[in-house]
Structures are given as structure tokens and as C-alpha cells.
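>>> quick one: sequence and predicted model below, then my questions.
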Amino acid sequence: MSGSAAIPGYTAGTPAVAKSPVTLAEFELMKNSALFGDEDVKALRQSHDVVKDQVEAILDVWYGFVGSQPQLLASFLGKSDGKPLGDYLGGVRKRFGQWILDTAKAEYDQKWLDYQHEIGLRHHRTKKNQTDSAAASAAIVPFRDLFALIFPVTFTLKPFLAKKGHKAEEVDRMYNAWVKSCLLQLTLWSHPYVKTGDF
Ligand code: HEM
């Protein structure tokens, strides 16, 4: 999470972020449920070098996909005029780029866990639009699309993972680790969407 102080609204590791309701011990068990182990941590960290100079190109593909799907783009539009909120899309994009690097760093400490909860709140009506002062936008990212997006995000990442000359099985390991990491993160982000006591 270093070198990211210049990204507006990226508050990971600062007092602005509340403590996650999920404990690190619970997260360890979630990792086990996803068959996520030390090999996956290694593979994610290996992917850091692979993706670090491809972040903008990856974001172009992901934003291209979201932009092509009206039900997804709706989360970034003005509620009343239906027009894309450029500053909002741009502000989120910078933090999305940092998220790629953070996911690849795979450092699962309390600060990381706390920021996961913050990201969930920012998709949920609790905090959506607040970070970028985008009050005109939709009130919530609907839960129904959250997990579905894991497939396009990871499937379109794979060619980027293959771009630095790694063997097919190494690319597969990095890809699998990304899929598992996204599943675990999205589950953490779901906390605000789940009925109290049911997470
Ligand atoms: C694989 C699934 C997803 C991933 C990896 C992802 C990732 C992210 C990240 C990293 C951020 C910025 C967090 C920060 O503030 O630091 C973000 C924000 C946002 N995402 Fe997602 N997201 C996913 C699913 C979705 C879906 C399905 C939508 C619906 C279009 C969506 C819409 C948004 C919006 C509107 C924001 C801005 C929230 C705000 O107002 O702060 N996301 N997302």
C-alpha cells in the first residue's frame, strides 16, 4: 500500500478506515474454504512484477467491459440525466489501479482487512458516492452483479499474466490465485449486504 498517498480517497492504513467486523482468524478460515494457500500468495506476488507496468492497459479492458454493459454502467451514471459521471469514473479508476497492485502484493494484515470492509461499504449504500462526492449517482451497486464480475475480470486478466514469458503452468497458478483472491475479497465486501448475524 506504499506510494499511494497521492490517490484521492485511497485511505487504506489511515484512521479514516473503521475496523473490519471480520477477524484475521476468520479470514484464515475463509482462505481454507477457498483452498487458498501459501502457493497462492507466492503466485500473486509473482504476478505483481507481471502486472505492475500493465495496470492502465488492464483497466482499459475492464472499464471497456463495464462500459459495454448498461446494467453495470448504471452504477456510474447520473441518476436523473443518465449521463456518465466522468470525474467519478476517473476517481474510482485510480483506486482500482492501486487495488490491482494491492491484490498482487497479497499482504493480509489488519490494515488490509479493514480496507476490504471499506471497499464493501463503498459499493453498498452505506458509503457509495461519498469518496468522490458523486451524490448524483446510483445509491448502491446491486449485489446481483458483484460476484458475476469476477469472471470477466479474471478471464480478461489472464492474457496480461501471460505477457512476460512465464510457462503455461505458472500463468495458470497466477490466474487461479487471482480468482481465489477475488472470491475472498468479494465475500469480505459483501458484509454490508448480508443480514446482521448471517455473515
Ligand atoms: C470483481 C468484482 C469487482 C471488483 C474487483 C471491484 C473493484 C473495485 C475497486 C477496487 C473499487 C475502488 C475501491 C476504493 O475506493 O478504493 C471499486 C469501486 C466501485 N465499484 Fe467495484 N468492483 C467489483 C464489482 C463491481 C460491480 C459489479 C459494479 C457495478 C457496476 C461496481 C461498481 C463500482 C462503483 C460504482 C465503485 C465506486 C464506489 C464509490 O462510490 O466509492 N463494482 N470497485
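Received it, and whenever you're ready, just let me know what you need. Numbers count the residues shown, from 1 in each chain.
>>> any buried residues in stretch 108-123, and which?
Neighbour counts over stretch 108-123 (16 or more other C-beta atoms under 10 Å) mark 108, 112-123 as buried. C-beta here means a position set from N, CA and C on the backbone, and glycine is covered the same way.
>>> what about the closest residue to Y63 other than its chain neighbours, distance to the ligand?
The shortest distance from Y63 to any non-neighbouring residue, by C-beta to C-beta, 6 or more residues apart in numbering, is to R93 (6.7 Å). Applying C-beta to the nearest ligand atom, to the nearest Å, the value for R93 to the ligand is 9 Å.
>>> for the chain, what lies in contact range of the ligand?
With C-beta under 6 Å from any ligand atom as the criterion, the chain meets the ligand at residues 9-10, 66, 72, 75-76, 92, 95-96, 99, 119, 122-123, 128-129, 131-132, 141, 145-146, 149-150, 153, 182, 186.
>>> go again with 5 Å.
72, 75, 92, 95-96, 99, 119, 122, 128-129, 131, 141, 145, 149-150, 153 (C-beta under 5 Å from any ligand atom).
>>> shaky segments in this protein?
1-5 (pLDDT under 70).
>>> switch to 50 and redo it
Under the criterion pLDDT under 50, the flagged ranges of the chain are 2.
>>> can you tell me the centre-most residue of it?
When C-alpha atoms, centre = their mean is applied to the chain, the residue found nearest the centroid is W99 (5.7 Å).
>>> in what helix or strand does the residue nearest to that one when sequence neighbours are not counted lie?
Excluding its sequence neighbours, the residue lying closest to W99 (C-beta to C-beta, 6+ apart) is I119, at 7.8 Å. For I119, the element it lies in under DSSP states H and E is helix 110-123.
>>> now D60
Element membership of D60, judged by DSSP H and E, is helix 55-68.
>>> what's in contact with the longest helix anywhere in the chain?
Secondary structure assigned by DSSP state H gives helix 168-189 as the longest helix of the chain. Helix 168-189 has contacts (C-beta atoms under 8 Å, 6 or more residues apart in numbering) with 20, 22, 27, 30-31, 34-36, 39-41, 43-44, 46-47, 50, 103, 106, 113, 116-117, 119-120, 123, 146-147, 150, 153-154, 157-158, 161-162, 166.
>>> now list the buried members of these.
By neighbour count, with 16+ other C-beta under 10 Å, the contacts of helix 168-189 hold 20, 22, 27, 31, 36, 40-41, 43-44, 46-47, 50, 103, 106, 113, 116-117, 119-120, 123, 146, 150, 153-154, 157, 161-162, 166 as buried.
>>> would you agree L73 is in contact with G82?
No. Using C-beta atoms under 8 Å, L73 is not in contact with G82, being 9.7 Å away.
>>> Three-state assignment for the residue nearest to Y63, please.
Of the three states, R93 takes helix under DSSP: H, G, I helix; E, B strand; the rest coil.
>>> state the distance from V66 to K163.
Plainly put, V66 is 22 Å away from K163 if you go by C-beta to C-beta, to the nearest Å.
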